[in-house]
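S.K.: The following block contains a protein sequence and its predicted model.
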Amino acid sequence: MTQIQLNTDRYEHRKREDVFPKEERKRRKKKAPKTQARLDAERGRFNFKTINGFKLIDVEYSVPDKATRKRRRKGFNSVREKFLAHIAKNCQKELRAIGITDKQIEQMKKGSVPNGYNVHHKLPIHGGGLNEFSNLILMPIPPHDELHHKVLDPQVSQMQAGETKKVKLPWSDNMVYVPPEHDNTRDQDKKKTIEMIPYVKTMTAARR
């Protein structure tokens, strides 16, 4: 078998040349300016009163200390299992309406979260929320993420332990998400109505 020997005598390590000039690199590192919609959201000002079927209400948002938040998040695991078993037994009609199959309902009775869904704290643990059934709701991930990205995160992302302020909180009395037929939520950039019904119908069809 022929052995190949590489000649490394002439190898010279060179620093990689930057693709962009120095000034261009600085410009790219700068954060994009905040839109007016983002600035309004940080101040709790929204051009809608509901989002994905959740009404916006005024609440005192108080950030507990780190140890308390950690303890509540750890305790959430067991509470979530009990919550899922509870709604699997008592809210089957509502679950089927958002695309949950009979097989998934049986899995929920054992504490399993259906794929594509999330157990959401209406008032987040970060804001003093508790692991109580009345503070929990099972909902699809896309509308869940919108609650955070469009409403909650801009208002509270910079808050530290011990701080309290009044915020607009998306709230629902339900324990299972109810898709709105018509929602006056507006996309703040494109000014288009957001409706979750098509998403839920797609998920339902995919599970049949």
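M.R.: It's in.

S.K.: Any regions of the chain where pLDDT drops low?
M.R.: Where the chain drops to pLDDT under 70, the residues are 1-30, 182-208.

S.K.: what about the helices in it?
M.R.: For the chain, applying DSSP state H gives helices covering 22-29, 36-42, 66-90, 92-97, 102-108, 141-146, 153-156, 197-206.

S.K.: which of the ones you listed sits most buried?
M.R.: helix 153-156 (a mean of 19; mean count of other Cβ atoms under 10 Å). (Glycine included, C-beta is placed from N, CA and C.)

S.K.: CA atoms of that helix as PDB?
M.R.: This file holds the C-alpha atoms of helix 153-156, laid out as PDB (Å, rounded to 0.1, in the frame of the first residue of the first chain):
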ATOM      1  CA  ASP A 153     -42.000  40.300  26.800                       C
ATOM      2  CA  PRO A 154     -41.800  44.000  25.700                       C
ATOM      3  CA  GLN A 155     -43.300  45.100  29.000                       C
ATOM      4  CA  VAL A 156     -41.400  42.900  31.500                       C
END
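
S.K.: Residues contacting that helix, please?
M.R.: 38, 41-42, 44, 61, 63, 124, 126-127, 167-168 (Cβ atoms under 8 Å, 6 or more residues apart in numbering).

S.K.: same thing but at 10 Å, please
M.R.: By Cβ atoms under 10 Å, 6 or more residues apart in numbering, the residues outside helix 153-156 that reach it are 34, 37-46, 61, 63, 124, 126-127, 145, 147-148, 163, 165-169.

S.K.: give me every residue that touches the residue nearest the centre of the chain.
M.R.: Against the mean C-alpha coordinate of the chain, by Cα atoms, centre = their mean, the closest residue is Asp145 at 2.9 Å. Residues in contact with Asp145 (Cβ under 10 Å, 6+ apart) are 118, 120, 139, 153.

S.K.: Max pairwise distance over these: which two?
M.R.: Met139 and Asp153 (16.8 Å; Cβ to Cβ).

S.K.: any idea how far Asn135 is from Val176?
M.R.: 14 Å (Cβ to Cβ, to the nearest Å).

S.K.: Counting neighbours, go ahead and name the busier of those two.
M.R.: Remark: of Asn135 and Val176, Val176 carries more neighbours, 20 against 17, as counted by other Cβ atoms under 10 Å.

S.K.: So for that one, what's the nearest residue that isn't a sequence neighbour?
M.R.: Spatial nearest neighbour of Val176, excluding adjacent residues (Cβ to Cβ, 6 or more residues apart in numbering): Glu94 at 4.0 Å.

S.K.: Correct me if wrong: the one you found contacts Leu138.
M.R.: Yes - with contact defined as Cβ atoms under 10 Å, Glu94 counts as touching Leu138 (9.0 Å).

S.K.: Now do the shared contacts for these two.
M.R.: Applying Cβ under 10 Å, 6+ apart, one finds that Glu94 and Leu138 are jointly contacted by 87, 100, 174-177.

S.K.: Tell me the buried residues within the contacts of helix 153-156.
M.R.: Neighbour counting with 16 or more other Cβ atoms under 10 Å marks 37, 41, 44, 46, 61, 63, 124, 126-127, 147, 167-169 as buried within those.

S.K.: closest to Val79 among these?
M.R.: Pro124 (14.5 Å).
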